[in-house]
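>>> Predicted coordinates and the sequence they were generated for:
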Amino acid sequence: MADHDAQTFPVTRTDAEWRALLTPEQYYVMRAHGTERPGTCALLREKRQGWFACCGCGRRLFESGHKFESGTGWPSFNDPLPDAVGISRDISHGMIRTEVHCAGCGSHLGHVFEDGPPPCHLRYCINGVATEFTPTHEL
């Protein structure tokens with residue numbers, strides 16, 4: 001588990017409320033710190049202009065202009081929106097990684113790695129099931 005579990009966030013819900021709001025797959029990824037199977041999310045191939053927001057609280061996380069194809073099987077971004085995500089140390093599965101969670105509700109989104117494109121060289125590897133996409137023309 002990540003070390004942010006003791007933090008409080010602006011959006012809080014009971015476990016029952018999370019289960020009612022999210023699909024079983026979303027709950028597994030976002031609340032139980034799971035991972036979706038690579039290549040299974042339709043948002044992986046999303047190329048329109050718009051925003052990716054947290055399915056748990058609606059907070060805008062990434063804009064489509066920062067999305068890139070990493071070849072990993074998950075949507076990848078090189079820069080989140082300001083104050084959109086938090087990071088914490090994840091020591092699960094015998095590894096030390098940097099977890100990415102929603103700054104609004106604390107939901108697990110994925111991990112960030114230092115192998116992305118310039119200029120920041122970061123790759124936010126995000127579970128697509130944890131996000132919803134809204135095209136710019138619908139805003």
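Here it is on my side, so go on.

>>> can we go C-alpha only for contacts and neighbour counts from here?
OK.

>>> Quick one: the helices in the protein, in order.
Using DSSP state H, the helices of the chain run over residues 15-21, 24-30.

>>> Pull out the buried positions in the first one.
Right, helix 15-21. Burial within helix 15-21, assessed by neighbour count using 16 or more other C-alpha atoms under 10 Å, is assigned to residue 18.

>>> Likewise for stretch 70-83?
70, 73-80.

>>> Start and end of stretch 113-126, how far apart?
Taking C-alpha to C-alpha, to the nearest Å, the span from the opening residue of stretch 113-126 to its closing residue is 11 Å.

>>> then the helix or strand of the chain with the lowest mean pLDDT to CSV, C-alphas only?
Per-element confidence for the chain was summarised using mean pLDDT, DSSP states H and E. The lowest value among helices and strands belongs to strand 85-90, with a mean of 93. Written as CSV, here are the backbone C-alpha positions of strand 85-90 (Å, rounded to 0.1, in the frame of the first residue of the first chain):
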residue,chain,number,x,y,z
VAL,A,85,-2.5,14.7,-8.4
GLY,A,86,-0.5,13.8,-5.4
ILE,A,87,2.3,11.3,-5.2
SER,A,88,3.4,8.9,-2.5
ARG,A,89,5.8,6.0,-2.0
ASP,A,90,4.4,2.6,-2.9
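
>>> What are the buried residues along it?
Here strand 85-90 shows 85-88, 90 as buried, counting by 16+ other C-alpha under 10 Å.

>>> what sits against residue 105?
By C-alpha atoms under 8 Å, 6 or more residues apart in numbering, the contact set of residue 105 is 9-12, 56-57.

>>> Quickly list what residue 53 is bridged to.
For residue 53, the beta-bridge partners are residue 60, residue 132 (DSSP bridges).

>>> do you know how far residue 96 is from residue 85?
With distances taken as C-alpha to C-alpha, residue 96 is found 19 Å from residue 85.

>>> What of residue 29?
In terms of C-alpha to C-alpha, residue 29 sits 16 Å off from residue 85.
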